[in-house]
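A.B. asks: Give me the fold of what follows.
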Amino acid sequence: MAAATKEKKPTSHWFILVLLALAQFMVVLDVSIVNVALPAMQKAFNLTSTNLQWIITAYSLTFGGFLLLGGRAADLFGRRKTFLAGILVFSLASLGTGLSQSGVMLITFRALQGLAGAFMSPAALSIVLVTYKEGHERNVALSVWGAVASGGAAAGVLLGGIITQYLTWRWNFFVNVPVGLFVIIASLRVLGKHESEAEHNNLDLSGAISVTAGLMVLVYTLVKAPTYGWLNHRTLEYFAVSLVLLVFFVTNEMRAKHPLMPLRIFRIRNLTGANSVMLFQTAALYSVFFFTTLYLQEILHYSPIKTGFSFLVIPVVIAITATNVPRVIQRIGYKPILMIAPLFVATGLFWVSHIPVNGTFWGNVAPGMILMGLGLGATFVSVTIAATSGVSQRESGLASGLLNTSQQIGGSLGLAILTGISTSGATRYLKNIHGSHSAYDKTAAAVHGYHDGYLVAAGFAVIASILATVIIKNIRAKTDPSHGEVAAAV
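C.D. replies: Coordinates of the predicted model:
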């Protein structure tokens, strides 16, 4: 009997990780799965291009804006409660999105999905942090988490194409419902209570309102800046409003008795450095999906499904890399990886910055994707470990929310900057061609714009490497006596 009980523990132990990773996969997936389905949604509700953009923007606004509040809520009110509430609302919002009868209804439920994800994602990561002890065991768990976080977006492009073509766009959201119900039922059976370990449950309302509003305005500004223009008065006004709100938030946190985000957490040097690396790495990452999707579909004339299958290169390489990174971290620590891995991403981006108009996927795109997958798999695992090492259990939700916020803001900032640079590059290319512009000229201009965007993205990845070199201190993973057990479980 004792032996049977002993054997059962590792199974449930790692089944918890599968559940949490599945929930995170849903959140990440819903960022990218809709991209391929946008034309079908536009046709269904006769949406303008501006309204169509809100299907993505509404999700990113609420998700990015509420992450810090969601992370802190997990610390104050209990991780399991926050996680289960988040996934329940996420599943119901997914059902509502799939049943939408108008563009307004669709966008509203997308915003509710983002809100639920902002509570679900940091709560899930904080459960991972307290379930697996610091050292090799946690590093293996975070390698799975990192693979899901960085590979989910690419998988979303593939699944979105298959579901949209063979079912309808609505099933991109309906699939979340049975998965969400499974996670809820299984979590009630295997997750511990994870009650709050905080000495109080006083939520800093003024801090919560100011940081949520400030981040939402910032994300909105970054999304709209390429349309308005970076120096347009509306862009500058929104930036000013965001700055005022965030400055008020920092001032409030310095004075509050029970702050939403205790600023002392930034004294943990590696947390600060890891969040900085995440910011610039995701600023580079989003260009991969945006420009490459456009290149494959509009220049090489790939179908949505063929485009999705092409992107499978990235999650496959990420999965292979991420599962092997913990062993390397155990030997040399995570700083060397965070110094080198972003350079793989930069090299991959530099490769695809030379894509020709009459290119091929395997000759011009895939080699760069493979290099990026190697770098992303190693970076996301190592940066998650660096950002959460040394953080107390009672602030694990806050650390998780901070990391997710850095990722979301970095992605929004990068995409806004890079799309603007790409558009400017294409316009400048056409201006240098005298006379009327042929269809080939316009295609060549678009590809030239992608070149500029990829090159600047490569620069972001280099900055991430420099920040890791300068800020992060190397800490080797603690030797974990359960190494053999963990390896077998994975």
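A.B. asks: Past the lengthiest helix in the chain, which element shows up next along the chain?
C.D. replies: Scanning the chain for the helix with the most residues, using DSSP state H, yields helix 396-431. Sequence order places helix 439-471 as the next helix or strand after helix 396-431, per DSSP states H and E.
A.B. asks: With just CA atoms, put stretch 17-27 into PDB.
C.D. replies: Extracted C-alpha coordinates of stretch 17-27, given in PDB (Å, rounded to 0.1, in the frame of the first residue of the first chain):
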ATOM      1  CA  LEU A  17       1.600  20.900 -14.500                       C
ATOM      2  CA  VAL A  18      -0.200  19.400 -17.500                       C
ATOM      3  CA  LEU A  19      -3.500  21.100 -16.300                       C
ATOM      4  CA  LEU A  20      -1.800  24.500 -15.700                       C
ATOM      5  CA  ALA A  21       0.100  24.400 -19.000                       C
ATOM      6  CA  LEU A  22      -3.200  23.500 -20.800                       C
ATOM      7  CA  ALA A  23      -4.900  26.600 -19.300                       C
ATOM      8  CA  GLN A  24      -1.900  28.800 -20.300                       C
ATOM      9  CA  PHE A  25      -2.000  27.300 -23.800                       C
ATOM     10  CA  MET A  26      -5.600  28.500 -24.100                       C
ATOM     11  CA  VAL A  27      -4.700  32.000 -23.100                       C
END
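A.B. asks: Who are the packing partners of the longest helix of the chain?
C.D. replies: When contacts are defined as 3 or more C-beta pairs under 8 Å, 6 or more residues apart in numbering; DSSP states H and E, helix 396-431 packs onto helix 49-77, helix 79-98, helix 103-131, helix 205-228, helix 269-294, helix 366-388, helix 439-471. Where you see a C-beta, it was placed from the backbone N, CA and C, and this is true even at glycine.
A.B. asks: what's the model's confidence in that helix, averaged?
C.D. replies: For helix 396-431, the mean per-residue pLDDT is 81.
A.B. asks: Specify the stretch among the helices and strands packed on helix 396-431 that is closest to S412.
C.D. replies: S412 lies closest, by C-beta to C-beta, to one member of the helices and strands packed on helix 396-431: helix 205-228, at 4.4 Å.
A.B. asks: and the angle from the closest one to helix 49-77?
C.D. replies: Helix 205-228 and helix 49-77 meet at an angle of 160 degrees, taking axes from the mean of the first three to the mean of the last three C-alpha atoms, to 10 degrees as the criterion.
A.B. asks: Please spell out which residues along helix 205-228 are buried.
C.D. replies: For helix 205-228, a neighbour-count test (16 or more other C-beta atoms under 10 Å) marks 207-226 as buried.
A.B. asks: Stretch 124-143 too?
C.D. replies: Applying 16+ other C-beta under 10 Å to stretch 124-143 flags 124-132, 134-143 as buried.
A.B. asks: From F66, how far off is A155?
C.D. replies: Per C-beta to C-beta, to the nearest Å, A155 is found 24 Å from F66.
A.B. asks: chain center to the longest helix of the chain: distance?
C.D. replies: Its chain's average C-alpha position is 12 Å from that of helix 396-431, according to C-alpha atoms, centre = their mean, to the nearest Å.
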